[in-house]
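Student: Sequence and predicted structure, then a few things I'm wondering about:
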Amino acid sequence: MNVPMLDLRAQYASIKPEIDAAVAEVFETQQFRGGPAVDAFELDLAAFTGSRHAIGVSSGTDALYIALKALPLRPGDEVITSPFTFFATAGAIVNAGGIPVFADIEPDTCNIDPASIERLISPRTRCILPVHLFGQCARMDAIMDIAGRHGLLVIEDAAQALGASYRGTQAGGWGIATALSFYPTKNLGAAGEAGAILTNDDEMADRIRLLRSHGADAPYRHVVVGVNSHLHALQAAVLHVKLKRLADWNKARRECARYYTERLCAFPDIQTPVEMPDTVHVYHQYVIRVPERDAARQLLTERGIGCSVFYPIPLHKQPCMQPFVNPRNGCAQAERACEEVLALPIFPELTREQQDAVIDALAEHLDRLRRS
């Protein structure tokens, strides 16, 4: 049985009339930049997340970059973040003028380790940028405590965790700003690139809005040097339709994850995802650790089953990040995760029959290892 890693066509089929009507309305108005589609989505996104401001931008990468520029970062400022995430997190820090400092991760959740953060704080540290990886919030209570004691700002990277919560607070409710991505594969995916920034700070919101519009506070009057990064009306229209279903889709992902974990617990050699107490995990990815990961990946691929490795190279090992890496700051857990993790298919429309095919293939892989 072929099992895709993600089936966006199935999602589109379930909402096609509404998506088509929303897109058609934008074409009728011919207002492709700003306008009612963007305003309506930003308002409802703010309500969904409990944020005072939700500000649309062109991508999740821009969301990170603009949030960091809005602090603003000063030359030599260090930003502590995770090495086990997509490159955009570290790239945005460098492009915003900061120096990335890589803390290690916790071996169970793969989220940034607060104890590692504390060890890396220096007089140059300005900000902590935790990533809510795979759909589960980092231990934000501990991170906010560290930030408070050292006078640091916190920006959340919630690109994979819209709708997740920790101890009753949603992703986006902790730091001074939060970056979201609506890349098509995300739990809330656009029809292309799109992103947003959340904040409860009015002054921060004003700076973000300036920066996304070339720093203009009036037509042809530029008070800072910004960028051109707007959420397009067509993307906002698509996202607005999908946002109404996000809670149900996240619930369906959690049910898929529950079934995987229930079945895979029969295999002691497979480490299933760990959910922290008082957490709502939205399972952007369902990531296991399995012996001989690359052989397992090859077998699943041969069986027509989608799978992927997030992430094969930690950020502190990337060639372009070497000028920023202190060799004394080890990230052993991140390096180990890169060698062991495997993401399995997960999406709201995934069937039990498809999940059983994935599990059977993993069982075959373990049986091969035992026989060899």
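Tutor: Noted; the coordinates are in hand. Numbering: from 1, shown residues only.

Student: mind listing what's buried in stretch 319-328?
Tutor: 321, 324-325 (16 or more other CB atoms under 10 Å). C-beta here means a position set from N, CA and C on the backbone, and glycine is covered the same way.

Student: now, which of those lie within strands?
Tutor: Using DSSP state E, no member of the buried residues of stretch 319-328 falls within strands.

Student: what's the closest of those to residue 294?
Tutor: residue 321 (24.0 Å; CB to CB).

Student: which SS class is residue 198?
Tutor: When classified by DSSP: H, G, I helix; E, B strand; the rest coil, residue 198 comes out as strand.

Student: okay, now it: neighbour count?
Tutor: 29 (other CB atoms under 10 Å).

Student: in the stretch 201-350 of the chain, which spans are strands?
Tutor: 216-218, 221-222, 279-280, 286-289, 341-344 (DSSP state E, counting those that start in this stretch).

Student: Would you reformat those as a markdown table and include mean pLDDT, distance to residue 188 and mean neighbour count?
Tutor: Conversion of those to a markdown table gives the following (pLDDT from 0 to 100; distance: least, CB to CB, whole Å; neighbours: other CB atoms under 10 Å):
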| stretch | mean pLDDT | distance to residue 188 | mean neighbour count |
| --- | --- | --- | --- |
| strand 216-218 | 96 | 29 | 11 |
| strand 221-222 | 98 | 32 | 10 |
| strand 279-280 | 98 | 15 | 18 |
| strand 286-289 | 98 | 17 | 22 |
| strand 341-344 | 98 | 18 | 22 |
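
Student: closest one to residue 145 among the ones you listed?
Tutor: strand 279-280 (17.6 Å).

Student: Just confirm residue 176 contacts residue 156, I think it does.
Tutor: No. Under the criterion of CB atoms under 8 Å, residue 176 makes no contact with residue 156, lying 9.1 Å away.

Student: Show me which of these two is the more surrounded one.
Tutor: residue 156 (27 against 18).

Student: Kindly state the beta-bridge partners for the more buried one.
Tutor: residue 178 (DSSP bridges).

Student: you'd agree it is up against residue 127?
Tutor: No. The pair residue 156 / residue 127 is not scored as a contact, 11.0 Å apart, by CB under 8 Å.

Student: Distance to residue 316 added to the strands of the stretch 201-350 of the chain, as JSON lines?
Tutor: Shown next, in JSON lines, are these (distance: least, CB to CB, whole Å):
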{"stretch": "strand 216-218", "distance to residue 316": "38"}
{"stretch": "strand 221-222", "distance to residue 316": "37"}
{"stretch": "strand 279-280", "distance to residue 316": "27"}
{"stretch": "strand 286-289", "distance to residue 316": "20"}
{"stretch": "strand 341-344", "distance to residue 316": "17"}
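
Student: who's in contact with stretch 355-364?
Tutor: Applying CB atoms under 8 Å, 6 or more residues apart in numbering, the set of residues contacting stretch 355-364 from outside is 1, 3, 256, 259-260, 263-264, 267, 270, 290, 296, 299-300, 303, 305, 344-345.

Student: Only whichever of those residues are buried, select them in PyMOL.
Tutor: To isolate the buried members of the contacts of stretch 355-364 in PyMOL, using 16+ other CB under 10 Å:
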select buried, resi 3+256+260+263+264+267+270+290+296+299+300+303+305+344+345
